[in-house]
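Asks: Starting from these lines, generate the structure:
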Amino acid sequence: MLHLFNKVYLEIDDKIDIEIDRAVISNTHGLQLADALTRHSSGVLTFYTTDGATVDYKKLLEDAKAHTDESGKRFFIYCDAENFIRVAAGWFKSTSNIDRASFEMLINSHVHKERTQQGRNWHSDDEQYVASVKNHFNVFDTTSAFNPVLGDVDLSFENYLAAYLVDNTNATAVAKLQKQMSMFMRRMYQELFVDIKSMLMLNVLNPSLQTVLGGSGKDLTNFNELTKIAIFLDTAIWNDSKPLVVGSDSAFNWDGMTSEKATTIGNTISDIHTNFEGFVHDSVNLCHWPFLQYVVGKDLSSSELAEVINSIVTTPSDYFFIPKSDVINVNYVLCTHLANLKAASNTASLTKFAIK
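Replies: Here you go, the predicted model:
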């Protein structure tokens, strides 16, 4: 799915989910749902058509925002291949300085990311999803900006990142990235903490791990006596009544995190990585500290944001502080491309992806 703004997404029509609130613009699927399905599905079909060329896309997007503002739910615009390109082109022409070459890069990187997440076989490049979308790039040339009136909305992370990389004093980009990057970082660290705790609990009888955790000879009745496991049993940051998962219902509780606890959990994880799992922590490893401290009890400051993004560009790692759970929302492949453009001082190309 391709994020447009807030909780509004664009998706190809070969994977329509009738449990999601949606509009459908498709020469095959742009039809009213059968009464029986309507009665037994929770998703609301707000608009449908088989003729994408006649749609008032400005109104469609404004209506989508109004719908999500009221419902609080995600809203998908499902399209066949031609209309997928039409909606994407009109939207990004409205919000950015995109040209045809940059647009093709945006869509190609999106498709690449989607295929990867779907576990597609990379030995073949003739799958219908890829071919059908790419075959309609010429629609970009005949599509004008939609220019919907939406007020202050949250656009895609990539748009703000590009704007920031062009000009790190761009007030809108700074403010939006401080919020978005802080959210992503906390989610990423939560994923790490949950993963590490799960690994510790499964390997708690491992003598090598017990040594790293400051003890030995412990069993299932007294492993809590291992000195360094205490931070993973701290009830201020771990709620035993919730599952050991990632998300809003996670056992991990950010509200209980302090600077001191962040230092302790960071040092403990570094010790586990180095002396039990064999990882090497160095300046290139962005999961290393002090970045954790920057999002404890607050969002990133402008100077901290600059440090984090500079690290992403100058010492690229295998992520942009984007947690696995959010790669579905973020065009991660495009983010890498933007960082490469910045590293190459290619401001002209970066500008094409930046917010207006």
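Asks: State the pLDDT value of the residue nearest to Thr314 when sequence neighbours are not counted.
Replies: In this structure, Thr314 finds its nearest non-sequential neighbour in Ala343, 7.3 Å apart by C-beta to C-beta, 6 or more residues apart in numbering. Yep, even glycine has a C-beta here, placed from its N, CA and C like the rest. On the pLDDT scale, Ala343 is placed at 95.
Asks: Take stretch 141-154, keep the C-alpha atoms, and write them as PDB.
Replies: Extracted in PDB, the C-alpha atoms of stretch 141-154 (Å, rounded to 0.1, in the frame of the first residue of the first chain):
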ATOM      1  CA  ASP A 141       2.000  13.000 -18.500                       C
ATOM      2  CA  THR A 142      -1.800  13.600 -18.900                       C
ATOM      3  CA  THR A 143      -2.700  13.900 -15.300                       C
ATOM      4  CA  SER A 144      -2.900  17.300 -13.600                       C
ATOM      5  CA  ALA A 145      -2.400  18.000  -9.900                       C
ATOM      6  CA  PHE A 146      -5.600  17.400  -7.900                       C
ATOM      7  CA  ASN A 147      -4.800  20.100  -5.300                       C
ATOM      8  CA  PRO A 148      -7.300  19.000  -2.600                       C
ATOM      9  CA  VAL A 149      -8.000  21.300   0.300                       C
ATOM     10  CA  LEU A 150      -7.000  19.200   3.300                       C
ATOM     11  CA  GLY A 151      -5.600  21.600   5.900                       C
ATOM     12  CA  ASP A 152      -2.700  20.500   8.000                       C
ATOM     13  CA  VAL A 153      -2.200  16.800   7.300                       C
ATOM     14  CA  ASP A 154       0.600  14.400   7.800                       C
END
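Asks: In contact with the nearest residue to Asp219 once chain neighbours are set aside, which residues?
Replies: The shortest distance from Asp219 to any non-neighbouring residue, by C-beta to C-beta, 6+ apart, is to Leu205 (7.0 Å). Counting by C-beta atoms under 8 Å, 6 or more residues apart in numbering, Leu205 makes contact with Lys218, Asp219, Leu220, Phe223.
Asks: what sits against the nearest residue to the last one once chain neighbours are set aside?
Replies: The reference is to Phe223. Leaving out its chain neighbours, the residue that sits closest to Phe223 by C-beta to C-beta, 6+ apart is Val204, at 4.7 Å. Neighbouring residues of Val204 by C-beta under 8 Å, 6+ apart: Gln210, Lys218, Leu220, Phe223, Leu226, Ile229.
Asks: Then Ser259?
Replies: Gln293, Val296, Gly297.
Asks: Show me the one in those that has more neighbours than the rest.
Replies: Neighbour tally across those (other C-beta atoms under 10 Å): the maximum, 16 neighbours, falls on Val296.
Asks: Show me what the longest helix that the chain contains is packed against.
Replies: For the chain, the longest helix by residue count, based on DSSP state H, is helix 171-202. Judged by 3 or more C-beta pairs under 8 Å, 6 or more residues apart in numbering; DSSP states H and E, the packing partners of helix 171-202 are helix 157-166, helix 259-272, helix 302-314.
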